[in-house]
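Visitor: Quick one, what's the 3D model for this:
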Amino acid sequence: MMCTTLRVSTQVRHPAAVIGASSPARDGAKRPRGASVVARGPEHRVAALTLAALLVAGGLMGTANLFLDGVLREGASRWVYAGAMALCMVAAVPLVVRKRAGRWHTFGLVLLGDLIYVVVVLSIDDPVRYATPLMLLFPSFVAAWFLGPWELATNMVVTTAVCLVALWPSYDSAVVLGIQVGVSAGTLNAGALGIYVLRRRVERLLVATQTLSHLDPLTGLHNRRFLVEQAPRMWRHARRDGTRLAAMVLDLDHFKRLNDAHGHAAGDAVLHAVAASLARTVRPTDVLARTGGEEIVVLGLVGDPDEADRLAERLRAAVAGCRTESGHAVTASIGIALTRPTGGEDATAELWRLIDRADAAMYEAKQAGRDRVVAVCARPALPPSRDVPAVVPCPRAGEA
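Guide: Model (predicted):
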């Protein structure tokens, strides 16, 4: 392995503008299957504030019954009803303050909506006329859109029970009561179930779209977008663990010649084989991405330059050892650059500066004969009048 020191311009030559949206999988967060929790992020803040607005609107509209004659029962029922409307509006306060709602918080709001409907029914003279079960649309649809299957199933059972409680005093016949409860609860639960199925379909499409946006369609490796999205996480981990971050740029040797001689199908087969071999070689924590053409980048945490050298040599051997079914094979020239992240850095800009240095080292490997590894070491900027040695050793374990 060769180690050279080069003057590398601080200008970022690689585009850094391909930045995707935040992904749940990126930070390793686990989400219960089927749950769409109103948590953090701009879109989740909007959802939490929307829930708060609906709670306030429902409380205000319900309060109007306090000023209408002949709607509410006299006595304690009126005060219980007023308390329920106040509770509905107070429940919006945590959503406004925190601007997020967790899974159980949302489930609690849904059950609170069911309970408030029961209070409304017991406080009104004519529930069939003034408090139809359609008032349960709000908790039913919130459960369908934001909660998981078990919470939704629980709310569907609660909805049926609440409809039974609400309609019981209005019907003398058990058959008629059963039909009315079945129609009301069935309509609400069928609508909620339909929304849940639609939501799951939308979620699957979004996950599939996000996955495709992170993958290179030819090799199945990650792409530039994913590499950029991983930069902040890698920088944080390196700072936290006090380790170095290594970027390795691999470029397949004489790949254009192979394409010209055997066709693009042969070239594609070689890229497939190389990608599969590299995927088996990198460590689970490394980021392996195809950034374009026959260039592949590996980004990983290392304790010292020797660890980066060993990984790069394994990658070089993995490329040299793979062969397609047609017998085509290639080698790779690999450039390594290391950095020790510090606080206050722009991880994306620093990522491409690091890759620029590794790219320069890769071209050194090409010029030195190909099928080899070259590590480039960054040096502080020196006055133009001072000479910079052409070759110096990279720091090893225990050094800077």
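Visitor: Show me the domain layout of this structure.
Guide: Under the assignment automatic domain parsing, the domains of the chain span 2-21+218-376, 38-214.
Visitor: Adding mean pLDDT, write those out as CSV.
Guide: Shown next, in CSV, are the domains of the chain (pLDDT from 0 to 100):
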stretch, mean pLDDT
domain 2-21+218-376, 87
domain 38-214, 88
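Visitor: Export the ones you listed to JSON lines and append columns for mean neighbour count.
Guide: The way it works is simple: take the backbone N, C-alpha and C, and place the C-beta from them, glycine included. Below are these laid out as JSON lines (neighbours: other C-beta atoms under 10 Å):
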{"stretch": "domain 2-21+218-376", "mean neighbour count": "18"}
{"stretch": "domain 38-214", "mean neighbour count": "17"}
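Visitor: Spell out which helix or strand contains the spatially closest residue to residue 166 that is not a sequence neighbour, please.
Guide: Of all residues not flanking residue 166 in the chain, residue 121 sits nearest, at 4.2 Å (C-beta to C-beta, 6 or more residues apart in numbering). Using DSSP states H and E, residue 121 falls within helix 103-123.
Visitor: ok, and what's touching that helix?
Guide: Outside helix 103-123, the residues that touch it by C-beta atoms under 8 Å, 6 or more residues apart in numbering are 32, 35, 37-38, 51, 55, 62, 72-73, 77-78, 80-81, 84-85, 87-88, 91, 94, 101, 127, 131, 133, 135-136, 138-139, 142-143, 146-148, 151, 155, 158-159, 162, 165-166.
Visitor: what are the ranges of the helices in the stretch 151-300 of the chain?
Guide: For the stretch 151-300 of the chain, the helices defined by DSSP state H, counting those that start in this stretch cover 174-214, 224-241, 255-262, 264-281.
Visitor: between the ones you listed, which one is nearest to residue 289?
Guide: Closest approach to residue 289 among the helices of the stretch 151-300 of the chain (C-beta to C-beta): helix 224-241, 4.2 Å.
Visitor: OK, contacts around residue 171?
Guide: 177, 180.
Visitor: Check the gap between it and residue 128 for me.
Guide: 9 Å (C-beta to C-beta, to the nearest Å).
Visitor: ditto for residue 72
Guide: Counting by C-beta to C-beta - residue 72 and residue 128 are separated by 15 Å.
Visitor: quick revisit: and the helices of the stretch 151-300 of the chain: which comes nearest residue 66?
Guide: helix 174-214 (25.6 Å).
Visitor: Minimum distance to residue 333: which of the helices of the stretch 151-300 of the chain has it?
Guide: helix 255-262 (10.8 Å).
Visitor: If you count contacts, what does the closest one end up packed against?
Guide: Judged by 3 or more C-beta pairs under 8 Å, 6 or more residues apart in numbering; DSSP states H and E, helix 255-262 is in contact with helix 264-281.
Visitor: What angle do helix 255-262 and the helix it packs on make with each other?
Guide: Per axes from the mean of the first three to the mean of the last three C-alpha atoms, to 10 degrees, the angle that helix 264-281 makes with helix 255-262 is 140 degrees.
Visitor: Show me what helix 264-281 is in contact with.
Guide: By C-beta under 8 Å, 6+ apart, helix 264-281 touches 218-221, 250, 252, 255, 258-259, 288, 290, 294, 296, 298, 314-315, 318-319, 321-326, 328-330, 332.
Visitor: make it 6 Å
Guide: Residues outside helix 264-281 that contact it (C-beta atoms under 6 Å, 6 or more residues apart in numbering) are 219, 221, 258-259, 288, 314-315, 318-319, 322, 324, 328, 330.
Visitor: Next, give me the two most distant ones among those.
Guide: Pairwise across the contacts of helix 264-281, and taking C-beta to C-beta, the largest span is found between 259 and 314, at 26.3 Å.
Visitor: Would you map the strands across the stretch 251-400 of the chain?
Guide: Along the stretch 251-400 of the chain, the segments classed as strands by DSSP state E, counting those that start in this stretch run 287-292, 295-302, 332-339, 373-376.
Visitor: How far off centre is the last one?
Guide: Read that as strand 373-376. 34 Å (C-alpha atoms, centre = their mean, to the nearest Å).
Visitor: same question, the third one
Guide: Relative to the centre of its chain, strand 332-339 is centred 29 Å away, using C-alpha atoms, centre = their mean.
Visitor: Please save the CA atoms from that strand in CSV.
Guide: What follows is strand 332-339, C-alpha atoms only, in CSV (Å, rounded to 0.1, in the frame of the first residue of the first chain):
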residue,chain,number,x,y,z
ALA,A,332,-9.9,-1.9,-8.7
SER,A,333,-7.7,1.0,-7.8
ILE,A,334,-8.6,2.3,-4.3
GLY,A,335,-7.9,5.6,-2.7
ILE,A,336,-8.2,6.2,1.1
ALA,A,337,-8.7,9.5,3.0
LEU,A,338,-9.2,9.8,6.7
THR,A,339,-10.6,12.5,8.9
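Visitor: gap between stretch 309-325 and the chain center?
Guide: On C-alpha atoms, centre = their mean, the centre of stretch 309-325 falls 31 Å from the chain's centre.
Visitor: just so I have it, where are all the helices in the stretch 1-150 of the chain?
Guide: 42-63, 76-90, 92-98, 103-123, 127-130, 137-146, 149-167.
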